[in-house]
Structure formats: C-alpha cells, structure tokens
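In: sequence below, structure please.
(one chain, ligands or ions: 2)
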Amino acid sequence: MRNFDLVVIGAGPGGYVAAIRAAQLGLSVACVEERATLGGTCLNVGCIPSKALLSSSEHWAEVKHLAAHGITVGEAGFDLAAMMARKDKVVGDLTKGIAHLFKKNGVEWLNGRGTIPAPGQVRVGDETVLAKNILIATGSDPAGLAGVTVDEEVVLTSTGALALPKVPDLLVVIGAGVIGLELGQVWARLGAKVTVVEYLDRILPGADGEIAKTAQRLLQRQGLAFQLGRKVASVTRDGAGATVTVERRDNGAVDTIEADAVLVAIGRRPRTAGLGLEALGVTLDARGFIAVDGQFRTNVPGILAIGDVVPGPMLAHKAEEDGIAAVEALAGHAHAAPDYALVPGVVYTAPEIASLGATEEALKDSATPHVVGRFQFIANGRARAMGATDGLVKVLGCPDTGRILGAHILGRNAGELIQELVLAMTTGATLEQVAASSHAHPGMGEAVKEACLAALGKPLHA
Ligand code: FAD
Ligand code: NAI
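Out: Ligands and ions are numbered 1, 2, ... in the order given. Prediction:
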C-alpha cells in the first residue's frame, strides 16, 4: 500500500492550497479529487466562472453608456456562446495551472471519490492508501428548498445558472444573497427580466444595513426587481418554464410569478455525506459542519478538516487560510488560528459591496461605543472622472483607541479598496494612522482616507 504523510480529500482552494503548502513543508502528500479538473467549486463552478460572466456582461452593459464619454459605436450585439466559451477557457486555464502546481510541488493527484474506511486509510476507487493524517476539504453543495426539484434546465442551482444556453426572458432568483445578486445581475444585464424573491425583509443578511439598502436601490435602478419578506411556497414546472408561488410573510397573501428559469440560491451546506464520518465517529455541529479545534483537528486523531465543510464564512480565501494554518500546525510550525472577523467578504456586482468586521447594527446591538465615518464617492475626483460616483465608504471605529471595528464599501473596486482596511484591522492600525498615510491622487482610495477623517470628526472634502 502506498503511504503518505498527508492525504487531502478535495482539491478546492482549501484542499489544493493545503496540499501544496504541506509538500513545501516536506510532507509526502496526495490529494484526492473526484472532478476531472482541480480547483474545486471556486475555480470550476463558483468564484471564477461567475466573475468571468460578471466581467463580460459588465462590458456589454457599459456599451450603452459609452456615449457619455463621447464614444459612438455602431450597432452592438453579443454572442452568448462566445461569452460562455471565454468563461470556460478562463476556468480551463486556471484549473490546468493547479495541475501544474501539483507537479511542481510533488503533490500526487488521486482522481476519484475518496472515502475513509478507517483512521489512517483513504480509499479511492480500487486503491487504499495509508495516511498519517487525513485532511477533509470536501467543500459544500447548494442548499435545497423543500418541495423544489432542481433539474438544472429550468430550476437551477448556481452551476446551471453559469451555463445557460440562452438568455431567459423571465428569471426568478430565490434568495437575495451573494449568488442571487451576482448571477441575477449577469442575466439582467444580458436582457432577462429578473425578480429576486427573498425570505427576509432585506437583501444580503449579514452586510451592514445602510450599505445593503443603498445597494438594493442601485440594483433596482439597473432593473432588478425585489420581492422581500416572501416565502416561496412552490415551484411548479410547466412546459418550458415554471410557476413560482410566493407568500407574503406579513399577511399571508399568495402571488405567482411566471419564469423561464428559476435560480435557487438560498445558501450552501457542508459536504460530509459518503465519507464514512459516522462510522469513524467524527463529530458534526448542530448545522452539519465538521467540528474542529483551533488547529483544524476533528475529535478523531489524525483526521482534520478545513474550508466550507467547517464553520466560518464560506469563502475561498477563508478556505485557503484554514488550509495553510492546518498544515503549518501539522508540520510543527507555530501558526495562529485564522481570525474570521478579519476575513473580508466581497459581492462582485456593480457596484461592488465589500464588508469587513462589525456592522453598525452589531455595534449598536452589543452597545459597543463607536464612531462612524462616511464618504460618498460622488465627492471623489477619480470616481467623478470615471463616472463611478455611486456608493460610499463607511468605517466604524472605537472612540477611545481609534481602532477600526468594521469597514463597509459600496462602489467600483470596493473589493480592492477594502484591502487597505483589512491590513489596518489585522495590524491594529488606527483611524488616525490610515488617515495620516498618503493616498495617491486622484484615487478612489482617497475616499477611505476621507471616511477615516470623518470618523475622527475632521473631514476635508465633505
Ligand atoms: P470546494 O471548493 O467546494 O472544493 C471541494 C472539492 O472537493 C470539490 O472539487 C469536490 O469535487 C471535492 N470532493 C468533495 N467530496 C469528495 C470526495 N469524497 N472525494 C473526492 N473529492 C471530493 N468565494 C469567494 O471567496 N469569492 C467568490 O467570488 C466566490 N464566488 C462564488 C460563486 C459561486 C457561484 C459559488 C457557488 C461559490 C462562490 N464562492 C466564492 C465560495 C467558494 O467557492 C467556496 O467558499 C470555496 O470553493 C470553498 O473551498 P473548499 O476548498 O472548502 O471547497
Ligand atoms: P447566502 O447565504 O449569501 O444568501 C442566501 C439568501 O437566501 C439569504 O438572503 C437568505 O435569507 C435567503 N433565503 C434563505 N432561504 C430562503 C427561502 N426559503 N426563500 C427565499 N430566500 C431564502 O447564500 P448564497 O447566495 O446561496 O451563497 C452561498 C455561499 O457562497 C455564501 O456563503 C457565499 O459566501 C458564497 N459565495 C460567495 C461569493 C463571493 O464571495 N463573491 C459569491 C457567491 C457565493
């Protein structure tokens, strides 16, 4: 039997990064992946294809606004098949890149479904390999909705919605979370009439309320319709489409929405089935995630778990950080457990929505003293020059120490702009220190500086 120091199950951003780092630390490593390509949900059917389609559809949407820049173009059009082919090429190139990195770092890819017949063993197809340690990085699957059958033709998960062969005239999205907004925007830009049905009375639960409300208004302006506070009672396939029956949560009124396609995007669930965890006695928490300690060890010696399959934000960069921390600890290196409060979340709509740390509501609810600083992009020179004036930067700080408690950015490049504040929060830099550091002019980053100045009560340009 072949013998490895570490066998990783799952080659998503958690698993493949952990495998590479472990090999770099001198461990003999195999990574089991059942897909025909590496990279997991993120590269194959998640982060990357969704961002490719967001980019393509954004270019298309921009064509309509080029006249404002003094540019005239002839009759414009788009070819959906070519757009999809470009997306597939981006995905293909990146997944091949991981295969190359495995070779370069000496990670053995075992292609097939992995199970754990006993501690210290992993079975893949007909082969059983020995493993000093096993790292479960099997990720997550889309959550289902009771009574709704996904067929990936009309009733879709994100995977189906990333590969539609034609633009639906009417798209109903169930769930105003990250996937619902990103993919809803893609198809709305390409011509679908999109209705987003959300159970709660707001979009993006977990995001700062003021930012979410402003984002909703901007998305509505672009044509997305929201039906909030509604429960989906049923989705019935009829012919080439479906009828979605929704019920208002406040008064029980029932309504129906006709759709050519329905995207179910109500969250994701950890993927633990079929690994043999029950027989091994691996403890799951009440929500079905694998319970781990600060070094990502389960209750069964020699079995660890990271990424979407353990608690914490279900994000690719969080999975990567889990993976690095887990294998560094395994190899005997000191490595602090990742602090999930410092993990930024970005919704890649236009405008982008970036969140970090506490929301204003959370600080109010916990009676935490705080100051708030805001700066609207309409007052920022670069934003004006680019025509990207929608949105704002909002920072929340401690009035005594000046430490940053949270930061929320709505606007173009919000996902890049938030990084400065991630570094500030991670290193303990204060509002004063961020405001005192030089920000290139004209840059949207100046809005970050200005928001910090505003929180300190000394705004310059507002
Ligand atoms: P995964 O990426 O899910 O990888 C797990 C892998 O394990 C899979 O390849 C699976 O085939 C394999 N596997 C499972 N069980 C077995 C088994 N028994 N044997 C062998 N192989 C197995 N996050 C972001 O940070 N930014 C984004 O922009 C973003 N966009 C997203 C867009 C969409 C549409 C979706 C669905 C998700 C998005 N995410 C995004 C979330 C991100 O994809 C996940 O958080 C991330 O992929 C989790 O990584 P992971 O390594 O834990 O698991
Ligand atoms: P989500 O948790 O972001 O949003 C789900 C939404 O559905 C919530 O607003 C919730 O209130 C609503 N909902 C739940 N049940 C419902 C019901 N029965 N009817 C109507 N609405 C209902 O989940 P989503 O969008 O599916 O994304 C899954 C995960 O993937 C997220 O955890 C996210 O972190 C990750 N992801 C990250 C992206 C990014 O970082 N840019 C992009 C896409 C996904």
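
In: CA only for contacts and neighbour counts going forward, please
Out: Noted.

In: need the distance between the two termini of stretch 384-402.
Out: 30 Å (Cα to Cα, to the nearest Å).

In: meant to ask about stretch 263-277
Out: Stretch 263-277 has an end-to-end distance of 31 Å (Cα to Cα).

In: would you mark the buried spots in that stretch?
Out: L263, V264, A265, I266, G267, R269, P270, R271, T272, L275, L277 (16 or more other Cα atoms under 10 Å).

In: contact partners for the closest residue to L204 other than its chain neighbours?
Out: What sits nearest to L204 in space, not counting adjacent residues and going by Cα to Cα, 6 or more residues apart in numbering, is G177, at 4.8 Å. The contact partners of G177, by Cα atoms under 8 Å, 6 or more residues apart in numbering, come to I203, L204, P205, A265, I266, G267.

In: the fourth one reaches V150, doesn't it?
Out: No - the pair A265 and V150 does not pass the contact test of Cα atoms under 8 Å, sitting 11.3 Å apart.

In: anything in contact with each of the two?
Out: Joint contacts of A265 and V150 (Cα under 8 Å, 6+ apart) are T157.

In: look up phi and psi at T245.
Out: Reported as degrees, to the nearest 10, the phi and psi values for T245 are phi -100, psi 120.

In: equivalent analysis for D255, please.
Out: phi -140, psi 160.

In: residues contacting it?
Out: Counted by Cα under 8 Å, 6+ apart, D255 has contacts T245, V246, E247.

In: and it, how far is that from V244?
Out: On the measure of Cα to Cα, D255 and V244 end up 8 Å apart.

In: Q419 too?
Out: Taken as Cα to Cα, the span from Q419 to V244 is 40 Å.

In: same deal with I290?
Out: I290 is 34 Å from V244, where distance means Cα to Cα.

In: out of the two, which sits in the busier spot?
Out: Neighbour tally, I290 and V244, criterion other Cα atoms under 10 Å: the higher count belongs to I290, 26 against 21.

In: roughly how far does the nearest residue to the more buried one once chain neighbours are set aside sit from ligand 1?
Out: Once flanking residues are discounted, I290 sits nearest to L284: 4.4 Å by Cα to Cα, 6+ apart. According to Cα to the nearest ligand atom, to the nearest Å, L284 and ligand 1 sit 16 Å apart.

In: cool, and V129?
Out: Distance, V129 to ligand 1, using Cα to the nearest ligand atom: 14 Å.

In: tally of neighbours for that residue?
Out: The burial count for V129: 16, using other Cα under 10 Å.

In: give me the sheet partners of the strand or helix carrying it and which way each runs.
Out: According to DSSP states H and E, V129 maps onto strand 127-136. Strand 127-136 has its sheet partners listed here by DSSP bridges as strand 3-9 (parallel), strand 121-124 (antiparallel), strand 303-305 (parallel).

In: report the separation between the two terminal residues of stretch 440-454.
Out: With Cα to Cα as the measure, stretch 440-454 spans 18 Å from end to end.

In: that should have said stretch 260-274, apologies.
Out: Stretch 260-274 has an end-to-end distance of 34 Å (Cα to Cα).

In: which residues sit against that stretch?
Out: Contacts of stretch 260-274 (Cα under 8 Å, 6+ apart): 115, 138-145, 153-158, 161, 168-177, 179-180, 240-242, 288-290, 308-310.

In: write a PyMOL command that selects only the buried members of those.
Out: Filtering the contacts of stretch 260-274 down to the buried ones (16+ other Cα under 10 Å) takes a single PyMOL command:
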select buried, resi 115+138+139+140+141+142+144+145+153+154+155+156+157+158+161+168+170+171+172+173+174+175+176+177+179+180+241+242+289+290+308+309+310
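
In: of the contacts of stretch 260-274, list those near ligand 1.
Out: By Cα under 6 Å from any ligand atom, the members of those lying near ligand 1 are T115, T138, G139, S140, S158, I179, D308.

In: quick check: end-to-end length of stretch 394-407?
Out: Using Cα to Cα, the end-to-end distance of stretch 394-407 comes to 6 Å.

In: residues touching that stretch, excluding its own?
Out: 355-360, 369-375, 393, 408-409, 418, 421, 424-425, 428-432, 451-452, 455.

In: strands - which of the ones next to ligand 1 among the contacts of stretch 260-274 land there?
Out: T115, S140 (DSSP state E).

In: between the ones next to ligand 1 among the contacts of stretch 260-274, which is nearest I324?
Out: Using Cα to Cα, D308 is the member of these that sits closest to I324, with 14.5 Å.

In: need the residues of the stretch 301-450 of the chain near ligand 1, please.
Out: Residues of the stretch 301-450 of the chain lying close to ligand 1 (Cα under 6 Å from any ligand atom) are G307, D308, M314, L315, A316, H317, A319.

In: which members of those residues are the farthest-apart pair?
Out: Most distant of these, by Cα to Cα, are D308 and H317, 10.6 Å apart.

In: quick check: phi and psi on E416?
Out: Main-chain dihedrals, E416, degrees, to the nearest 10: phi -90, psi -40.

In: what residues does V63 make contact with?
Out: Taking Cα under 8 Å, 6+ apart, we find V63 in contact with A76.

In: per-residue pLDDT, it?
Out: With respect to pLDDT, V63 scores 94.

In: before we move on, the earlier item: out of the ones next to ligand 1 among the contacts of stretch 260-274, who's near ligand 2?
Out: I179.

In: can you redo the ones next to ligand 1 among the contacts of stretch 260-274 as a markdown table with distance to A212 and pLDDT?
Out: Shown next, in a markdown table, are these (distance: Cα to Cα, whole Å; pLDDT from 0 to 100):
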| residue | distance to A212 | pLDDT |
| --- | --- | --- |
| T115 | 42 | 98 |
| T138 | 31 | 99 |
| G139 | 27 | 98 |
| S140 | 26 | 98 |
| S158 | 22 | 98 |
| I179 | 15 | 98 |
| D308 | 24 | 98 |
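
In: before we move on, back to that, most packed of the strands paired with strand 127-136?
Out: strand 303-305 (a mean of 27; mean count of other Cα atoms under 10 Å).
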